[in-house]
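> sequence and predicted structure, then a few things I'm wondering about:
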Amino acid sequence: MTEALVIGRFQLVGNNHVDLFEQIIEHHWRRQKVDRLNVGIGVADEISARNPFSGTECWEMVKPIVQNAAARMEVPFQYRLIDDLNNPPHYADHVFEHFGIPENPITLFSSNPYTTDCFRGKDNCTIIPIEEHLELHATQLRALYARGIDISALVPPHIPSYLQHHERQRRIQKLTFDNPIPTVDIVIEYQDKLVIIKRKEKPLGYALVGGHIDPGESAEQAAVREAEEETGLQVQLTRLVGVYSKPGRDPRPGHRISIAYAGIGNGEIKPGSDAEKVILCDSNEVPALLFDHNQILNDYRTKKGQNL
């Protein structure tokens, strides 16, 4: 009997964990079949200053992925909560004792150098390296979530609803530095009009096009992306209007700093993303806007700004 073994903290399950089990499934069918899937949750069943989720909560998050993998591999599965043992020479035996499988051949699937080193050289243990296809891991996902950024595209479908529990949200907030959140806003000129959106997410009302800067992109790239996502327009940025950083400028949790641009829109308007609808206004007929967008618009009218 060959045992597959995966050990992880799973302190916020993301698409990287889905990819991990996809690689195990592929190995099982293409290279070497295993007889059982063992998942070790590498944290105790308690919440600590380092871990916002208990071991049981981590298992609840990863369980649907494990169930799906085991079903597709046609093998049973089991899991254990493995309290941390800061003793590398004995860690593998510590894990084996929790599962009760020291006599069976083990295939360890791991992308963690510490875990790999702990099991290297153990009798009947084969180590299969997991390729890191996705860059965002639990710590980064928690930081994004704590800052109010939508992570639904970065995690399995069941995770956003799991995180709706108030206590879990509070724990993630406590572990994350409460730094200001970078955003962009864009005053878009289109067919001699200004582009205004009516938001379909809270806070509701009219606003300039804008949104959060994603990891790995510049403010300019974020402005162009947000414009296309919300209006369907291809925007050429022309100048910097200003930087807006007053605390409380955004009623949502967190301190958001906005870098505001002006730009020319091209193409066909197609409301999307956060926009319920897109309206075109003369400069002097813009409705009252949310946030400090009326101030941004006034600065756009009266200040030359910095050409790009």
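Good, I have the coordinates. Residues are numbered from 1 along each chain as shown.
> rest of the way, CA atoms for contacts and neighbours
Will do.
> so which residues of the stretch 51-200 of the chain form strands?
Using DSSP state E, counting those that start in this stretch, the strands found in the stretch 51-200 of the chain span residues 77-81, 106-110, 125-129, 181-190, 193-199.
> and of these, who's closest to Glu60?
Using C-alpha to C-alpha as the measure, strand 77-81 is the one of the strands of the stretch 51-200 of the chain that comes nearest Glu60, at 11.0 Å.
> now do the buried residues in that closest one.
Neighbour-count burial for strand 77-81, counted by 16 or more other C-alpha atoms under 10 Å, picks out 77, 79-81.
> pLDDT weak spots in the stretch 151-300 of the chain?
176-178, 273 (pLDDT under 70).
> buried residues in stretch 104-121?
Within stretch 104-121, the residues that qualify as buried are 105-111, 115-116, 118-119, counting by 16+ other C-alpha under 10 Å.
> need the max-distance pair from those residues.
Checked with C-alpha to C-alpha, those reach their widest spread between Pro105 and Ser111, with 19.6 Å between them.
> quick one: the helices in the stretch 101-250 of the chain, in order.
If DSSP state H, counting those that start in this stretch is used as the criterion, the helices of the stretch 101-250 of the chain fall at 113-119, 138-146, 159-162, 166-174, 219-231.
> show me the one of the ones you listed that comes nearest Ala71.
Where those are weighed against each other on C-alpha to C-alpha, the nearest is helix 159-162, at 20.3 Å.
> export only the CA atoms of that closest one, formatted as PDB.
Listed next in PDB are the C-alpha coordinates belonging to helix 159-162 (Å, rounded to 0.1, in the frame of the first residue of the first chain):
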ATOM      1  CA  ILE A 159     -13.900  30.400   0.500                       C
ATOM      2  CA  PRO A 160     -15.500  33.900   0.200                       C
ATOM      3  CA  SER A 161     -18.700  32.700   2.100                       C
ATOM      4  CA  TYR A 162     -16.600  30.900   4.700                       C
END
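> contacts for it?
Residues lying outside helix 159-162 but in contact with it, judged by C-alpha atoms under 8 Å, 6 or more residues apart in numbering, are 13, 61, 151-152.
> show the buried residues in the residues you listed.
Buried subset of the contacts of helix 159-162 (neighbour count, 16+ other C-alpha under 10 Å): 13, 61.
> which pair in the contacts of helix 159-162 spans the largest distance?
Farthest pair in the contacts of helix 159-162 (C-alpha to C-alpha) is Met61 and Ile151. Separation: 15.0 Å.
> now do the longest helix anywhere in the chain against strand 77-81, angle only.
Using DSSP state H to assign secondary structure, the helix with the most residues in the chain is helix 55-73. Per axes from the mean of the first three to the mean of the last three C-alpha atoms, to 10 degrees, the angle that helix 55-73 makes with strand 77-81 is 160 degrees.
> next, the buried residues of helix 55-73.
55, 57-59, 61-62, 65-67, 69-70, 73.
> nearest to Gln32, of those?
Taking C-alpha to C-alpha as the measure, Gln32 sits nearest to Met73 out of those, at 11.3 Å.
> list the contacts of the residue nearest to that closest one when sequence neighbours are not counted.
Closest residue in space to Met73, ignoring its immediate chain neighbours: Ile25 at 6.2 Å, by C-alpha to C-alpha, 6 or more residues apart in numbering. The contact partners of Ile25, by C-alpha under 8 Å, 6+ apart, come to 69, 72-73.
> ok, those vs Glu220, which is closest?
Out of the contacts of Ile25, the member with the shortest distance to Glu220 (by C-alpha to C-alpha) is Ala69, at 40.6 Å.
> contact partners for the closest one?
Neighbours of Ala69 in contact, by C-alpha under 8 Å, 6+ apart: 21-22, 25.
> for the host helix or strand of the residue nearest to Met73, what is the distance to the chain centroid?
Ile25 is part of helix 15-30, with elements assigned from DSSP states H and E. Computed by C-alpha atoms, centre = their mean, to the nearest Å, the separation of helix 15-30 from the middle of its chain amounts to 20 Å.
> need the contact partners of the very next helix or strand once past that helix.
Scanning forward in sequence from helix 15-30 by DSSP H and E, the next helix or strand is strand 36-41. With contact meaning C-alpha under 8 Å, 6+ apart, strand 36-41 is reached by 2-10, 55, 58-59, 70, 75-82, 95, 99.
> repeat that for stretch 276-295.
Defining contact as C-alpha under 8 Å, 6+ apart, one finds that stretch 276-295 is touched by 190, 192-200, 203, 205-208, 231, 249-251, 269-271.
> now the end-to-end length of it.
23 Å (C-alpha to C-alpha, to the nearest Å).
> point out where the stretch 1-150 of the chain drops to low pLDDT.
In the stretch 1-150 of the chain, residues with pLDDT under 70: 49, 85-86, 102, 135.
> now with 90?
For the stretch 1-150 of the chain, residues meeting the criterion pLDDT under 90 lie at 1-2, 42-52, 82-94, 96-105, 111-118, 120-124, 131-140, 142-149.
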